[in-house]
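# How does the following fold in three dimensions:
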Amino acid sequence: MTTISRHSVEVPRQYLGVPVPDDIRHQWESWDAATWRRSRHMAINNLFPPDQRYTVRPPAELCPHHRDAWVGYRNMDFDPVSGNRWPGHPGSPFVPVGRDLARVAEERRCEWDEKASEQMRLIEQICLSGRSPQCDRAEQVDCDGGSAVE
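Predicted structure coming up:
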C-alpha cells in the first residue's frame, strides 16, 4: 500500500445523501475514494460526474521526475471551446449533427478525465515498481528485484 501525502482535508459525513463508509473516510484522497465518489454519482444517474483527479493526492513515494509527470496529467483538461478528443483518439472535433453538442462536450470531458486518471495511475505503478530508468531516487531496485544502493 502506498502512503498518501498528508494535509488537512475536511471529509464529509455524507456524500450525495449517502453516509461515507469509514474505510473511504480514512483514505478520502485516494483512488479508491475517488472511485467510490464516482459510483455515488452514477447511482443517482449522473452520467457525467465531476472529475475526481483533483481530489487524489500523489503517493509520497513518487520520485520528483514521476511526480512532475503525474501533476502534468492531472492538469490536462478538456477544452470545451475546441472540443478536441483525447490526443490520439480517432475522430474529429464536434462533427455530430443532430445531436446535443453540450452532451457530446460532456462525454468528451469525461473521456479526458478518465484517460488522464489512467495515465496518473500508470505513472504511480511504474515509479513505485522501482524498476523505472527515469526514476531519480537515491535508491533503485535492480532487475533481479533486489535493492541496489547508489
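
# tell me what the longest helix anywhere in the chain is packed against?
When the chain is parsed with DSSP state H, its longest helix is helix 101-129. If you count contacts as 3 or more C-beta pairs under 8 Å, 6 or more residues apart in numbering; DSSP states H and E, helix 101-129 packs onto helix 31-43, helix 64-74. Quick note: C-beta positions are derived from backbone N, CA and C, even for glycine.

# What residues of the longest one count as buried?
Going back to what we said before, that points to helix 31-43. 31, 33-34, 36-38, 40-41 (16 or more other C-beta atoms under 10 Å).

# what about Met76, is that helix, strand or coil?
For Met76, the assignment made with DSSP: H, G, I helix; E, B strand; the rest coil gives coil.

# Count the residues that sit near the closest residue to it other than its chain neighbours.
Spatially, and ignoring its direct neighbours in sequence, Met76 is nearest to Ala116 (5.0 Å; C-beta to C-beta, 6 or more residues apart in numbering). Close neighbours of Ala116, defined as other C-beta atoms under 10 Å, add up to 20.

# residues in contact with Ala116?
53, 73-74, 76 (C-beta atoms under 8 Å, 6 or more residues apart in numbering).

# now swap in Asp77 and tell me
Contact analysis of Asp77 by C-beta under 8 Å, 6+ apart lists Trp112.

# in stretch 111-127, what's buried?
Using 16+ other C-beta under 10 Å as the test for burial, stretch 111-127 gives 112-113, 115-117, 119-120, 123-124, 126-127.

# which one of the residues you listed sits closest to Pro64?
Cys127 (10.2 Å; C-beta to C-beta).

# How much space separates the most centrally placed residue in the chain from Gln14?
By C-alpha atoms, centre = their mean, the mean C-alpha position of the chain lies nearest to Ser117, the distance being 2.9 Å. According to C-beta to C-beta, to the nearest Å, Ser117 and Gln14 sit 24 Å apart.

# low-confidence ranges in the chain?
1-8, 88-99, 137-150 (pLDDT under 70).
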